[in-house]
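**Q** kindly generate the corresponding structure for this input.
(2 chains)
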Amino acid sequence: ETGVTQTPRHLVMGMTNKKSLKCEQHLGHNAMYWYKQSAKKPLELMFVYNFKEQTENNSVPSRFSPECPNSSHLFLHLHTLQPEDSALYLCASSQGPAGANEKLFFGSGTQLSVL
Amino acid sequence: DQQVKQNSPSLSVQEGRISILNCDYTNSMFDYFLWYKKYPAEGPTFLISISSIKDKNEDGRFTVFLNKSAKHLSLHIVPSQPGDSAVYFCAGMKTSYDKVIFGPGTSLSVIP
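**A** Got it, this is the predicted structure:
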């Protein structure tokens, strides 16, 4: 139990569907992140939220839309995805603000398949 | 352009022996380096870190060495145990900047 919970664990969606990934951290952390891991590629940072404010958008296409309603919850809204978006989507949190040498605590990820 | 490289996709080691996982980086602005371990169906977990002002950090069976002039770091696991079998990610970051840049990972298998 890492204290970071992601749902669903697996998701299959068509290119015209709209779905959302949910992340919840029970650690009292102040920063939350979305990462993408494609097969045999490095983890790619997508979005960073510090104290609920988005501080980083790493050139992510607009078909991915993050939402951080409070410091414990993070969503990733998906619409009109492409098959190449199939990947493992990982949520993470850290105690202090991002960039403060804070180690990341990851959830188990959502394995997304886009058909 | 990969800023953090792990050129060995996989490594097999006998139980009890030393595992050495290597990592090279290109971004000279990195001032902090981290290793994460990932088991299948789980998210990565933090393992050990090192500041760029040090050349070695040790935590139990795990030691990370940093050679700044060569832009190279390595993770040593001694002695290796079957439970160490996992994917190991090297990562670099610049303090006060939001990004942690990960390498592609090395899959370690420790054979009983």
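**Q** mind listing what the closest residue to chain A within chain B touches?
**A** Evaluated by C-beta to the nearest C-beta, chain B has B:Gly43 as its residue closest to chain A, separated by 3.1 Å. Where you see a C-beta, it was placed from the backbone N, CA and C, and this is true even at glycine. Taking C-beta atoms under 8 Å, 6 or more residues apart in numbering or on different chains as the contact definition, B:Gly43 lies against A:2, A:4, A:6, A:90, A:92, A:106-109.
**Q** B:Gly60 now?
**A** B:Gly60 neighbours (C-beta under 8 Å, 6+ apart): none.
**Q** quick one: it from A:Glu53, how far?
**A** Here the criterion is C-beta to C-beta, to the nearest Å. By it, B:Gly60 lies 38 Å from A:Glu53.
**Q** pLDDT wise, what is the nearest residue to B:Lys68 once chain neighbours are set aside at?
**A** Taking C-beta to C-beta, 6 or more residues apart in numbering or on different chains, and ignoring the residues beside it in sequence, B:Lys68 has B:Ser52 as its nearest neighbour in space, at 6.3 Å. As summarised for this prediction, B:Ser52 has a pLDDT of 93.
**Q** what's the burial count for B:Ser52?
**A** Per other C-beta atoms under 10 Å in any protein chain shown, the neighbour tally for B:Ser52 reads 17.
**Q** where does the chain have its least confident helix or strand?
**A** The chain I'm using is chain A. Scoring the helices and strands of chain A by mean pLDDT, DSSP states H and E places strand A:53-57 at the bottom, with a mean of 78.
**Q** that's the other chain; I wanted chain B
**A** Lowest-scoring helix/strand for chain B, mean pLDDT, DSSP H and E: strand B:100-102, at a mean of 89.
**Q** packing partners of that one?
**A** strand A:44-50, strand B:86-93 (3 or more C-beta pairs under 8 Å, 6 or more residues apart in numbering or on different chains; DSSP states H and E).
**Q** export those to a markdown table and tack on mean pLDDT and mean neighbour count?
**A** Putting those into a markdown table (pLDDT from 0 to 100; neighbours: other C-beta atoms under 10 Å in any protein chain shown) gives the following:
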| stretch | mean pLDDT | mean neighbour count |
| --- | --- | --- |
| strand A:44-50 | 90 | 21 |
| strand B:86-93 | 94 | 24 |
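**Q** ok, which of the ones you listed comes nearest B:Ser69?
**A** Closest approach to B:Ser69 among the helices and strands packed on strand B:100-102 (C-beta to C-beta): strand B:86-93, 15.6 Å.
**Q** what packs against that closest one?
**A** In terms of contact count using 3+ C-beta pairs under 8 Å, 6+ apart, strand B:86-93 is assigned the packing partners strand B:4-5, strand B:19-25, strand B:32-38, strand B:72-77, strand B:100-102, strand B:106-111.
**Q** the closest residue to A:Lys41 other than its chain neighbours and A:Trp34: what is the separation?
**A** What sits nearest to A:Lys41 in space, not counting adjacent residues and going by C-beta to C-beta, 6+ apart, is B:Pro104, at 6.1 Å. B:Pro104 sits 19 Å away from A:Trp34, going by C-beta to C-beta.
**Q** and A:Cys91, by the same measure?
**A** 6 Å.
**Q** which neighbours do those two have in common?
**A** Overlap between the neighbourhoods of A:Cys91 and A:Trp34 consists of A:23, A:74, taking contacts as C-beta under 8 Å, 6+ apart.
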